[in-house]
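J.: The sequence isn't on hand, but the structure is:
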DNA sequence: TTGACAACTTACTAACTAGTAAGTAAAATA
DNA sequence: TATTTTACTTACTAGTTAGTAAGTTGTCAA
């Protein structure tokens, strides 16, 4: 599952095969089919684990009790540390690009994952604005969609243009949110 | 090439084959190999045409002489009309997601395309700020990367969550840029 | 009228794809 | 100790992939 997650973020659903995983593990193709009957089931389990992990994090007191600004920094750091610096891409973003060639169950999982990320970000932005640390106009839902879409896009852009572009985007988001009106 | 471009934006480089194009055209696989010796050459030609088209547009007086705000609206409209409403994705974004499994020549083309889009957006943002219609802090290059990455990401997000999300993001960008400081 | 050329088709290959069926060896369980 | 279960391997299938070689047909120019 670790390898499958890595491949998903690296090459996309259509970009890796059972053979790739088997080779890396030093086992045969069929060994993977024993644990996951289909590629759809394998990817489904990976997405589910990813979603569970995120829910676990945001419900943990270490993150739940953080100030809005620190929460946002934590969120950015997920993308910076575990994605951009390894040339990987957000799992949601990777799946969305191939959405039209994905099995139905994976589309649903992708949709739910994206909704969960958006919901948390929206709540955090709203909380920060009410407390007076974040400054932005309009609907928190739209601002959340803007930021998440930008993080997804920036990870992809970083592949072609280098990680400095990604860090510039994150810095710009911080500046936009914290600038006094 | 039209079909290849459409497939690239729809399924990605790894998501379509010569057979898909041949079937749609009512010809055989080999007929495509006659015009484009390899899949790499086909995709390369599509990207080159895409880049040429963009350069033609931005150098045309009808867009060149527009006010910064109208220029930006034109840029947004490319994404809204020809992408989001058809479930398609920005060509640059599609290629970046699969960047790690792309032939070297396509990686270069992808990088150059992204640089060209960014350069124009950066210049337009800078022009608008100097004239006093756009309001943002920091480097125009960072703001341009933020907006372009967000448009790419939002097109992908729209697949999972519907086009309304994409329109909300565009509206939020407009609001962010035009809000008086 | 002949010959060249463009745009194909037919027929193929080697490699890879997800997935299956049957057999095996070791470990856990009764 | 005997039996079941777990985690595989070996050996395979049917379908798809990009790509090739050789032959065919219609068009156009000399």
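T.: Received, thanks. Being a predicted model, the structure only gives us computed values, none of them experimental.

J.: tell me the contacts of the spatially most central residue of chain A?
T.: Centre of chain A computed as the mean C-alpha position; nearest residue by Cα atoms, centre = their mean is residue A:90, 3.8 Å away. Shown in contact with residue A:90 (Cβ atoms under 8 Å, 6 or more residues apart in numbering or on different chains): A:9, A:79, A:83, A:151-152, A:155. Placement of C-beta: from N, CA and C, glycine included.

J.: same question, residue A:36
T.: Residue A:36 sits next to A:42, A:45 when contact means Cβ under 8 Å, 6+ apart.

J.: Could you tell me how far whichever residue of chain A sits closest to DNA strand C is located from residue A:7?
T.: Closest approach of chain A to DNA strand C (Cβ to the nearest atom of the strand) occurs at residue A:17, with a separation of 2.9 Å. Between residue A:17 and residue A:7 the distance is 9 Å, computed by Cβ to Cβ, to the nearest Å.

J.: More neighbours: which of the two?
T.: Shown here are residue A:17 and residue A:7; by other Cβ atoms under 10 Å in any protein chain shown, residue A:7 has more neighbours (23 against 14).

J.: Burial check on residue A:46, number of neighbours?
T.: 23.

J.: Tell me which stretches of chain A form helices.
T.: Secondary structure of chain A (DSSP state H): helices located at A:2-11, A:18-25, A:29-35, A:39-59, A:61-64, A:68-82, A:91-97, A:104-131, A:140-161, A:163-178.

J.: can you list the ones you listed in CSV and add distance to residue B:170 and mean pLDDT?
T.: Output for the helices of chain A, formatted as CSV (distance: least, Cβ to Cβ, whole Å; pLDDT from 0 to 100):
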stretch, distance to residue B:170, mean pLDDT
helix A:2-11, 27, 95
helix A:18-25, 38, 97
helix A:29-35, 42, 97
helix A:39-59, 27, 98
helix A:61-64, 31, 96
helix A:68-82, 22, 95
helix A:91-97, 17, 94
helix A:104-131, 16, 98
helix A:140-161, 9, 97
helix A:163-178, 16, 97
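
J.: Save those as TSV, and put in distance to DNA strand D too.
T.: Below are the helices of chain A laid out as TSV (distance: least, Cβ to the nearest atom of the strand, whole Å):
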stretch	distance to DNA strand D
helix A:2-11	13
helix A:18-25	7
helix A:29-35	3
helix A:39-59	13
helix A:61-64	32
helix A:68-82	26
helix A:91-97	17
helix A:104-131	18
helix A:140-161	22
helix A:163-178	30
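
J.: Next up, the contacts around the nearest residue to residue A:39 once chain neighbours are set aside.
T.: Closest residue in space to residue A:39, ignoring its immediate chain neighbours: residue A:18 at 7.0 Å, by Cβ to Cβ, 6 or more residues apart in numbering or on different chains. Residue A:18 makes contact with A:29, A:32-33, A:39 under the criterion Cβ under 8 Å, 6+ apart.

J.: could you flag which of the residues you listed are buried?
T.: Buried members of these, scored by 16 or more other Cβ atoms under 10 Å in any protein chain shown, are A:32, A:39.

J.: which bits of chain A sit near DNA strand C?
T.: Within chain A, the residues that sit near DNA strand C (Cβ under 7 Å from any atom of the strand) are A:16-20, A:29-30, A:33, A:37-40.

J.: just checking, residue A:8 touches residue A:91?
T.: Yes. Using Cβ atoms under 8 Å, residue A:8 is in contact with residue A:91, at 6.2 Å.

J.: list the residues that contact both of those two?
T.: Taking Cβ under 8 Å, 6+ apart as the criterion, residue A:8 and residue A:91 both touch residue A:46.

J.: rewinding a little: got the helices of chain A as TSV, with distance to residue B:123 columns?
T.: TSV is the format used below for these (distance: least, Cβ to Cβ, whole Å):
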stretch	distance to residue B:123
helix A:2-11	33
helix A:18-25	42
helix A:29-35	50
helix A:39-59	38
helix A:61-64	40
helix A:68-82	28
helix A:91-97	27
helix A:104-131	30
helix A:140-161	17
helix A:163-178	17
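
J.: so which of those helices comes closest to residue B:101?
T.: Of all the helices of chain A, helix A:2-11 sits nearest to residue B:101, with 4.7 Å by Cβ to Cβ.

J.: close to chain B, is the closest one?
T.: Yes. Helix A:2-11 lies within reach of chain B by Cβ under 8 Å from any Cβ of the partner chain, at A:10-11.

J.: Pull out the buried positions in that helix.
T.: A:3-11.

J.: do the same with stretch A:119-129
T.: The neighbour-count check on stretch A:119-129 (16+ other Cβ under 10 Å) flags A:120-122, A:124-129 as buried.

J.: Now stretch A:137-151: buried residues?
T.: By 16+ other Cβ under 10 Å, the buried positions in stretch A:137-151 come out as A:139-151.
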